[in-house]
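Engineer: Okay, sequence plus prediction incoming.
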Amino acid sequence: MISQSGRHIVSELNKEIEKIDKRIADLIKSDEELTEVFTIVTSVPGIGTQNAVCLMVYTDNFRRFNYDSRKIACYYGLAPFGKDSGTSVHSDPHVHYMANRQIKAMLTQAALAAVNFNPIMARYYMRLVERGKKKQVALNNVKNKLVHLVTAMVRNRQTFTPEYKISA
């Protein structure tokens, strides 16, 4: 009896998720600028609908930070900062613990997908790991690179082309 009611709850939740996904798609299609930016962002291998919507919402369609990818990376908690003071205080750079964990989790999934399906990001990740960086640090660098790449593409209104030479 419990498993049957559990399956019913899960199916109802799945129906609600489908309705919300359809409403999000309708909202994006209703605005020309949103459609254009959504198309640009989702053209990057590894970034799906959920990640694109998350990036667009939290940055007000990338205008909130005036298309500055460094500010966006800081806001998302991807930019590492170290502490240096004179000759005695030195700490390794690390990301801040108060970042929005939902955004970081979504970008982590996008980075993992990009490493698996985007040859440019896979080469970048492997090069960092071969240099001796820890895998989580290399993955954070991939997240940061994705944010920089997507912001530049939206700013220049270009879709992703794998043949384009980037400084990976």
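Structural biologist: Sure, I can see it. Source: prediction; values computed, not measured.
Engineer: Can you tell me the closest non-neighbouring residue to the most centrally placed residue in the chain?
Structural biologist: By C-alpha atoms, centre = their mean, the mean C-alpha position of the chain lies nearest to residue 107, the distance being 3.5 Å. Of all residues not flanking residue 107 in the chain, residue 143 sits nearest, at 4.6 Å (C-beta to C-beta, 6 or more residues apart in numbering). From N, CA and C alone the C-beta is placed, and that goes for glycine too.
Engineer: Residue 29 too?
Structural biologist: Of all residues beyond its chain neighbours, the one nearest residue 29 is residue 35 (6.0 Å), with distances taken as C-beta to C-beta, 6+ apart.
Engineer: and the helix or strand containing that neighbour, what other elements does it pack with?
Structural biologist: Per DSSP states H and E: residue 35 is located in helix 32-42. Contact here means 3 or more C-beta pairs under 8 Å, 6 or more residues apart in numbering; DSSP states H and E; on that basis helix 32-42 packs against helix 2-30, helix 49-58, helix 135-156.
Engineer: give me the number of residues near residue 73?
Structural biologist: 23 (other C-beta atoms under 10 Å).
Engineer: Over to the one 3 residues further on?
Structural biologist: Summarising burial for residue 76: neighbours were counted as other C-beta under 10 Å, giving 22.
Engineer: Distance-wise, check the closest residue to it other than its chain neighbours relative to residue 157.
Structural biologist: In space, not counting the residues next to it along the chain, residue 76 is nearest to residue 103; the distance is 5.1 Å by C-beta to C-beta, 6+ apart. Using C-beta to C-beta, to the nearest Å, one gets 24 Å for the distance from residue 103 to residue 157.
Engineer: which residues touch whichever strand or helix holds residue 116?
Structural biologist: Secondary structure from DSSP H and E places residue 116 in helix 101-117. Contacting residues not belonging to helix 101-117 are listed as 44-48, 50-51, 54, 58, 76-78, 121-122, 125, 139, 142-143, 146-147 [C-beta atoms under 8 Å, 6 or more residues apart in numbering].
Engineer: Which entries within the residues you listed meet the buried criterion?
Structural biologist: When burial is judged by neighbour count using 16 or more other C-beta atoms under 10 Å, the buried members of these are 44-48, 51, 54, 58, 76-78, 121-122, 125, 139, 142-143, 146-147.
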